[in-house]
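Chemist: Return atomic coordinates for the entry below.
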Amino acid sequence: MSALRRLLHHPEFARGAREMVSVAPGLAAWGLMSGVAMVKSGMSMTEALAMTLLVFAGSSQLAAIPLIAASAPVWVILATSFCVNLRFVVFSAHLRHYLMHLPRWQRMLQGYLTADLSYVLFVRRFPHPADGAPQRQAQVAYLAGGCVLNWVSWQAASLLGIALAYSVPTRWGLGFAGILALVGVACSLATSRLRRVSAGVAGAAAVAAFALPFKLNIVVAIAVAVALCLLLESPATPDPRAKA
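Modeler: Numbers count the residues shown, from 1 in each chain. As a prediction, this is how the structure comes out:
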């Protein structure tokens, strides 16, 4: 218990969670979409809850949902999910050098919690495994902080999607889940002030030009956003080495 308390109070735990906050809205949108998609595909509330809590892999869940809805053989569902998640084998092989000093149950728990973005942020913060015990503890604390916030963001949004799925009109179908997926992508990419401004302007332009035929409002939104970015983006500093 004392080891867990030290981990939670380590400064790197807070840093890992804090850096994960920037991508949490995108994760939440994906989780919400997955929750809605599971229920809309015909899964019961219990089945959807079990999948989101036990599987905890958005791409695998979304790959398995249509197969489950189509009553595909179990081996097909498992094989598809396995292939989709093969990248985690690579993640695991890389993280082995960082986590092998931990007991097996902690490594298994960390394997369950680790997701794409938590892994990416971790290896960006710590490109190489630590040599000493204090440094190893710092690395584990950072990874745990990011993974915990990632897990909480995903599960809270996924459970909310499951609970609200019956409130979504049937005529929306899984198309509504697709809209939520695009929202998740947009939130994940909005990592700077310029990108957030351009996204807001593009959305406003798309709504203002909604009456145009052939969905030309999307083209208008793209053109307005690109033009705005070109106007606001700071010009690159000339390279003095080019003067030769």
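Chemist: just checking, next helix/strand downstream of the helix or strand of the chain with the lowest mean pLDDT?
Modeler: In the chain, the helix or strand scored least confidently by mean pLDDT, DSSP states H and E is helix 175-189, which has a mean of 60. Downstream of helix 175-189, the first helix or strand assigned by DSSP states H and E is helix 193-208.
Chemist: what packs against the helix or strand following that next one?
Modeler: Sequence order places helix 216-232 as the next helix or strand after helix 193-208, per DSSP H and E. Packing partners of helix 216-232 (3 or more Cβ pairs under 8 Å, 6 or more residues apart in numbering; DSSP states H and E): helix 193-208. No exception for glycine: its C-beta is placed from N, CA and C like everyone else's.
Chemist: Could you count how many residues lie near the nearest residue to Ala211 once chain neighbours are set aside?
Modeler: The shortest distance from Ala211 to any non-neighbouring residue, by Cβ to Cβ, 6 or more residues apart in numbering, is to Asn217 (7.7 Å). When neighbours are counted by other Cβ atoms under 10 Å, Asn217 registers 17.
Chemist: Asn217 and Leu231: what is the separation?
Modeler: Separation of Asn217 from Leu231 (Cβ to Cβ, to the nearest Å) stands at 21 Å.
Chemist: Kindly give the local confidence score, pLDDT, for Gly26.
Modeler: At Gly26, the pLDDT value in this model is 74.
Chemist: Likewise for Pro238?
Modeler: 51.
Chemist: which residues sit in contact with Ile68?
Modeler: Ile68 makes contacts with 41-43, 77, as judged by Cβ atoms under 8 Å, 6 or more residues apart in numbering.
Chemist: now Leu4: how far from Val197?
Modeler: Distance of Leu4 to Val197, given as Cβ to Cβ: 42 Å.
Chemist: out of those two, which sits in the more crowded spot?
Modeler: Remark: of Leu4 and Val197, Val197 carries more neighbours, 15 against 10, as counted by other Cβ under 10 Å.
Chemist: who touches the more buried one in this structure?
Modeler: Going by Cβ under 8 Å, 6+ apart, Val197 touches 228, 232.
Chemist: 10 Å - rerun?
Modeler: The contact partners of Val197, by Cβ atoms under 10 Å, 6 or more residues apart in numbering, come to 190, 225, 228-229, 232.
Chemist: for Val140, same thing?
Modeler: By Cβ under 10 Å, 6+ apart, the neighbours of Val140 are 7, 10, 12-13, 16, 98-99, 101-102, 106, 110, 122, 130.
Chemist: Point me to the residue sitting closest to the centre of this structure.
Modeler: Nearest to the geometric centre of the chain sits Leu27, at 3.7 Å (Cα atoms, centre = their mean).
Chemist: All set, thanks.
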